[in-house]
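Model the following, please.
(chains A and B)
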Number of protein chains: 2
Amino acid sequence: MTHTIEPIGTVHSCFKELFGIPRQPGLVKAARGWIEFYPPFNRAEAFTGLEGISHLWVTFVFHKSLNNETSLTVRPPRKEGKRMGVFATRAPNRPNQIGQSVVELERIETRNGKVTLHIKGLDLVEGTPVIDIKPYIPYVDSIPDAHGGFAHLAPEQRLQVSFSDEANRQVDLFEKQHPQLRQLISDILQYDPRPVYVRKLANKKQFGFFLYDLDVKVEIVDKGMVQVSNVVFSVQGTEHACSAP
Amino acid sequence: MTHTIEPIGTVHSCFKELFGIPRQPGLVKAARGWIEFYPPFNRAEAFTGLEGISHLWVTFVFHKSLNNETSLTVRPPRKEGKRMGVFATRAPNRPNQIGQSVVELERIETRNGKVTLHIKGLDLVEGTPVIDIKPYIPYVDSIPDAHGGFAHLAPEQRLQVSFSDEANRQVDLFEKQHPQLRQLISDILQYDPRPVYVRKLANKKQFGFFLYDLDVKVEIVDKGMVQVSNVVFSVQGTEHACSAP
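Below is the predicted model of the structure:
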């Protein structure tokens, strides 16, 4: 049985590239985005009853992994390179490339009869195709005493994050456009977004990533400590940038 | 963007038909089944690391709803016929027909190099096509204080369930083959599996459903009270029956 899927909408995200995206939803609460729906799925009647719901399941396609050949085993970042079965992980490169993320529903916006959902705590890259939206139902979905597996505890906060004077001034300016920007950068960095092999490169003292329409530059100042050195408006960021409609 | 999905396996379930299936996973903990995987996804390496994990997400296709035309609104059973937006519910007849269920992982079985997962608390019908398996990660997935929506509280136990002497004797016999059968029947009935319109039919005093290879007959004895009158081996059940391999 082959089953065909057509996206019902698209994610617009503060994350413009894969690097820097938290490894699970909810870890970085200041991560914001919105979902645009395609007709006929953008009509208000399809969302009746969603008012007052705090969290949503977003089902989506890992579209950035679509061209990779799927393997039965993967090397999750928290296993420091050790191979695991793909079904024991949530790796994006997996059979059928379908993902599910729980996100906070910040606001439902209806404009000219078209619905947009504003979401928080997402781990989704700009342009992610959305295939379904469902309410989170705590009495079913919340199993706090579920256990087992290598990733059942939250990751440790690996890095201490500071901002240079220059970066602090820049962030103050950009926060008018992008609320909680300092918090967002700080939370992304504390979980150390670098792949394991990059962390091991002693001579690699700088890295950067795009957030909204910004280019964020980071320096490793000591073991376990990073400093945000520079946050500038970026043409590359702009090309893929989005603001809420 | 059209995306094509190929099932990686199939659910074999105590539920042989849609009627009687709990409306969410986890409600009926004695509901058992197993997942058969197709090659190459049945190889042990794809499951390395799943040992000791208590709960799984099963992503699947609502294959019994595939021929229905999808509507933007649905009438969920708990709203007594009132229309809701499909994205504010978990109704099976929805755009893209993809479902997700959290189930308890009872046991991983490897025989002749082929893996089978034995699961509990399922709400899936026999033959459901499986498209993905992922570990449940409590620090991400468990949000006990999520709120809102008409279905955020567990359904009340609507019906008081008893067994006739005859049914009790029959269940004793069948429990050797199907552990916790009495519990299973009882839990299914207490949430009242009947659709709203059937509940309102005053002259409809009997109903039945198939479980495993059994035909379960039920009588309404009073308002809010049902009695299991008869549990017999059934050819119809057998045709679709499965036992764990």
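
Okay, domains of chain A per the record?
Listed domain ranges for chain A are A:9-141, A:160-239 (source: automatic domain parsing).

and among the ones you listed, the most buried is which?
domain A:9-141 (a mean of 19; mean count of other C-beta atoms under 10 Å in any protein chain shown). (Each C-beta comes from the backbone N, C-alpha and C, glycine too.)

need the contact list for the residue positioned nearest the centre of chain A.
Closest to where the C-alpha atoms of chain A average out (C-alpha atoms, centre = their mean) is residue A:123, at 1.9 Å. Taking C-beta atoms under 8 Å, 6 or more residues apart in numbering or on different chains, we find residue A:123 in contact with A:15, A:21-28, A:31, A:101.

Could you look up the SS state of it?
Three-state assignment for residue A:123 (DSSP: H, G, I helix; E, B strand; the rest coil): coil.

got it, and the one 3 residues further on?
Going by three-state DSSP, the secondary structure assigned to residue A:126 is coil.

Just confirm it contacts residue A:20, I think it does.
No: Residue A:126 lies out of contact with residue A:20 (C-beta atoms under 8 Å); the separation is 11.8 Å.

Name every strand pairing with the top strand by length along chain A and say which way it goes.
Counting residues, the longest strand found in chain A (DSSP state E) is strand A:98-111. Strand A:98-111 sits in its sheet next to strand A:55-61 (antiparallel), strand A:114-120 (antiparallel), going by DSSP bridges.

so can I have CSV of the ones you listed showing distance to residue B:136?
Supplementary listing: those in CSV, determined by distance: least, C-beta to C-beta, whole Å:
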stretch, distance to residue B:136
strand A:55-61, 13
strand A:114-120, 21
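
between those, which gets nearest to residue A:159?
Among the strands paired with strand A:98-111, the nearest to residue A:159 by C-beta to C-beta is strand A:114-120 (22.5 Å).

Mind listing residues that contact the helix or strand that comes right after the closest one?
Sequence-wise, the next helix or strand downstream of strand A:114-120 (DSSP states H and E) is strand A:129-135. Outside strand A:129-135, the residues that touch it by C-beta under 8 Å, 6+ apart are A:5-11, A:35, A:37, A:50, A:53, A:55-61, A:63, A:98, A:117, B:1, B:3, B:87-90, B:94-96, B:98, B:100, B:148-149, B:151-152.

hmm, try it at 7 Å
A:5, A:7-11, A:35, A:50, A:53, A:56-61, A:63, B:1, B:87-88, B:90, B:94-96, B:98, B:149 (C-beta atoms under 7 Å, 6 or more residues apart in numbering or on different chains).

picking that back up, could you check the strands paired with strand A:98-111 and tell me which one is nearest residue A:81?
Using C-beta to C-beta, those put strand A:55-61 closest to residue A:81, at 27.1 Å.

what's the spacing between whatever helix or strand comes next after that closest one and its chain's center?
Using DSSP H and E, the helix or strand that directly follows strand A:55-61 along the chain is strand A:73-74. Relative to the centre of its chain, strand A:73-74 is centred 22 Å away, using C-alpha atoms, centre = their mean, to the nearest Å.

try stretch A:205-215
15 Å.

Pull out the CA atoms of that stretch and give them to me as PDB.
Output of stretch A:205-215 as PDB, limited to C-alpha atoms (Å, rounded to 0.1, in the frame of the first residue of the first chain):
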ATOM      1  CA  LYS A 205      37.300  28.800  17.800                       C
ATOM      2  CA  GLN A 206      34.400  30.500  16.000                       C
ATOM      3  CA  PHE A 207      31.100  29.500  14.600                       C
ATOM      4  CA  GLY A 208      27.900  31.300  13.500                       C
ATOM      5  CA  PHE A 209      24.200  30.700  12.600                       C
ATOM      6  CA  PHE A 210      21.200  32.500  11.200                       C
ATOM      7  CA  LEU A 211      18.200  33.400  13.200                       C
ATOM      8  CA  TYR A 212      15.300  35.400  11.700                       C
ATOM      9  CA  ASP A 213      17.100  37.900   9.500                       C
ATOM     10  CA  LEU A 214      20.200  38.000  11.700                       C
ATOM     11  CA  ASP A 215      23.700  36.500  11.500                       C
END
